[in-house]
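whatever this is, show me its structure:
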Amino acid sequence: MVGVITNQQPILLSWLVITPNHGQIGYIARVRLVITPNHRQITTSELTVKAPQTLWLVLSPTNPNPTNPISNLMKGNIEFFTATCLNWQNLLEAETHKKIVLASLKFLVEENRIWLYAYVIMPNHIHLLWRKQDLWIENSIAQNFLKYTAQQIKFNLLADNPQELGKYKSSQADRQYHFWERRPHQATMNNRNIVEQKLNYIHQNPVKKGLCLSNLDYPYSSANFYEGRANDMLLTHYMDHIW
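Residues are numbered from 1 along each chain as shown. The predicted model follows:
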């Protein structure tokens, strides 16, 4: 149970997550609070509570309108994105290639081009939940991401495993190799229920494919972030941007 007491502070509850305090007694309560009238400033509060039913929050009365003011300030939408390796080959089985994908996502986040909400890097495909930041709405983020990762993987194979390149020979005249299937899947997520369905799908993918027993054991996904067991600076909690 979450108790609410009003006061004069212009505070609006965005979301609340309570998770076990691993290795210690109690629970960790993580709260996202929007603290300015135009909902542009977001802070994180974290505290330890003895039990999940004993947490009280101090909030002010807010507009009962169920629209999402934070999301409405943004021009783009959250997207579910899937890219598959050519012919479903295990191009990303190599840890080096997974790290290339992560490094590219890190660049996009740090350069304020995207918000990244969730990811999983499988041996032959990737799933992402991401959103273009406002100044990059008109740019082909996905195309550039795939082009850059393909180039870096090619360089790595040329240096360390050139015999593998034959599997990725392109039939197109404008390129020698082709690492990603054409037409990656992209779908707009316009409400929280759909986002949560895709989030669960992403995090359960390694389990369903037999790569691990628990999604928390798979190192190349955002599952641990959402269980409060990892502080991944790449990621933004989806509840920060959609209700």
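
list the buried ones in the top helix by length along the chain?
Taking DSSP state H as the criterion, the chain has its longest helix at helix 141-160. Neighbour counts over helix 141-160 (16 or more other CB atoms under 10 Å) mark 141-142, 145-146, 148-150, 152-154, 156-157 as buried. Every C-beta, even on glycine, is put in place using the N, C-alpha and C of the backbone.

packing partners of that helix?
strand 78-84, helix 95-110 (3 or more CB pairs under 8 Å, 6 or more residues apart in numbering; DSSP states H and E).

could I get the average pLDDT for it?
What helix 141-160 shows for mean pLDDT is 97.

I'd like the numbering to begin with 325 instead of 1 from here.
OK, 325 is where the count begins now, so the last one is helix 465-484.

that one vs helix 419-434, what angle?
Going by axes from the mean of the first three to the mean of the last three CA atoms, to 10 degrees, helix 465-484 is angled at 150 degrees with respect to helix 419-434.

would you mind getting the angle between helix 465-484 and strand 402-408?
Per the same axes, to 10 degrees, the angle that helix 465-484 makes with strand 402-408 is 30 degrees.

tally of neighbours for residue 565?
Residue 565: 21 surrounding residues under other CB atoms under 10 Å.

right, and it touches residue 454 too?
No - taking CB atoms under 8 Å as the definition, residue 565 is not a contact partner of residue 454, at 11.0 Å.

mutual contacts of those two, please.
402, 439, 441 (CB atoms under 8 Å, 6 or more residues apart in numbering).

quick check: of these, which lies closest to residue 420?
Taking CB to CB as the measure, residue 420 sits nearest to residue 441 out of the shared contacts of residue 565 and residue 454, at 25.3 Å.

verify the stated contact: that closest one with residue 453.
Yes - checked against CB under 8 Å, the pair residue 441 and residue 453 is within contact range at 4.1 Å.
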